[in-house]
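K.L.:
Just to be clear, the model below is a prediction. Sequence and coordinates:
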Amino acid sequence: MYLNKAMIYGNLTRDPEMKALPSGMQVCSFSVATNRSYNDRDGKRQEAVEYHNVTSFGKQAEVISKYLTKGSPVYVEGRLQTNSWEKDGVKQYRTEIIVDKFEFGPKGGGAGNGGGSSAPSAQGSTGGNNNSAPVLPEYPTEDINPEDIPF
């Protein structure tokens, strides 16, 4: 069995671009930035950013184009695809994620805002269904005493 799967959660770096194929199918392309924090050899905290090219087709493309803008958080699942072409005698390559499923991030942007999404999620390449994301339970703000746990 072979596996080609990509999962990313980040923010759009630009507004989605919507185009139509000659067949009439809608195509939406956008870019997502993901951040990574790590400690270097000297123990200093470092930040690294990766930029991912993402493409969606059909109904998903229409939903993404309608609801997402630059800076919007989004979770994307899909497959990696590399396209190649020749420009001025030099072979060029572009690797992108083809969307299978996506979910909107929390309203207001950023991963640290908490809460669930009130926007619909879109799944599958056949249009999927639009369901609200599950609502997270309210957790107590005070500390829990382990002696109060009944088991």
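P.N.:
Structure's in. What do you need?

K.L.:
going forward, measure contacts between C-alpha atoms and count neighbours the same way
P.N.:
Noted.

K.L.:
I figured residue 77 was touching residue 104, is that so?
P.N.:
No: the pair residue 77 / residue 104 is not scored as a contact, 11.9 Å apart, by Cα atoms under 8 Å.

K.L.:
so residue 83 bridges to which residues?
P.N.:
residue 94 (DSSP bridges).

K.L.:
what's around it, how many residues?
P.N.:
9 (other Cα atoms under 10 Å).

K.L.:
between residue 77 and residue 104, which one's more packed in?
P.N.:
Under the neighbour definition other Cα under 10 Å, residue 77 and residue 104 were set side by side, and residue 104 has more, 24 against 19.

K.L.:
Now that one: closest residue in space that isn't a chain neighbour?
P.N.:
residue 74 (4.7 Å; Cα to Cα, 6 or more residues apart in numbering).

K.L.:
Please spell out the segments of the chain that come in under the pLDDT threshold.
P.N.:
Scanning the chain for pLDDT under 70 picks out the ranges 108-151.

K.L.:
Tell me where it has strands.
P.N.:
Applying DSSP state E to the chain gives strands spanning 6-12, 17-20, 26-39, 45-57, 73-87, 90-104, 120-123, 131-132.

K.L.:
Turn the ones you listed into JSON lines, including distance to residue 64.
P.N.:
Converted to JSON lines, the strands of the chain look like this (distance: least, Cα to Cα, whole Å):
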{"stretch": "strand 6-12", "distance to residue 64": "11"}
{"stretch": "strand 17-20", "distance to residue 64": "9"}
{"stretch": "strand 26-39", "distance to residue 64": "7"}
{"stretch": "strand 45-57", "distance to residue 64": "8"}
{"stretch": "strand 73-87", "distance to residue 64": "10"}
{"stretch": "strand 90-104", "distance to residue 64": "9"}
{"stretch": "strand 120-123", "distance to residue 64": "9"}
{"stretch": "strand 131-132", "distance to residue 64": "15"}
